[in-house]
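Undergrad: no sequence for this one, just the structure:
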């Protein structure tokens, strides 16, 4: 042991993951990116065809910044960002710029891509 150096016990405090106690994700169930799963790890997530989108989809029928998912505690919402071809939620057309609440297993359709919104609670140790 070197003189002059002290060892200190470090207590690691694990922070809850984003969205806790939910695991929040978009699963692609049809389209060019079928079977991809994107875990949402921030309060606002943009989906589109642009490399600047948080989740880039390889669908030529969607806009660069097509829609945004917003997480606020246990409230989840989607807004179409003025896309050219629009967005559907559970087979209903979304109005551009209007925020609509999302629920677990809601289906989102943009271009040829269908996504499933997943927001499942997980158990925490007590």
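TA: Structure received. Source: prediction; values computed, not measured.
Undergrad: ok, residue 38 - how many residues close by?
TA: 19 (other Cβ atoms under 10 Å). In this view, the C-beta of every residue, glycine as well, is placed from N, C-alpha and C.
Undergrad: identify the residues contacting it.
TA: The contact partners of residue 38, taken as Cβ atoms under 8 Å, 6 or more residues apart in numbering, are 25, 26, 27, 28, 45, 47, 55.
Undergrad: if you set the cut-off to 10 Å instead, what comes out?
TA: Residues near residue 38 by Cβ atoms under 10 Å, 6 or more residues apart in numbering: 24-28, 45, 47, 54-57, 69, 115.
Undergrad: let me see the contact set for the residue nearest to residue 59 when sequence neighbours are not counted.
TA: Excluding the flanking residues, the one nearest residue 59 by Cβ to Cβ, 6 or more residues apart in numbering is residue 111, at 4.3 Å. With Cβ under 10 Å, 6+ apart as the criterion, the residues that contact residue 111 are 31-32, 49, 57, 59-63, 66, 83-87.
Undergrad: nice, that's everything, thank you.
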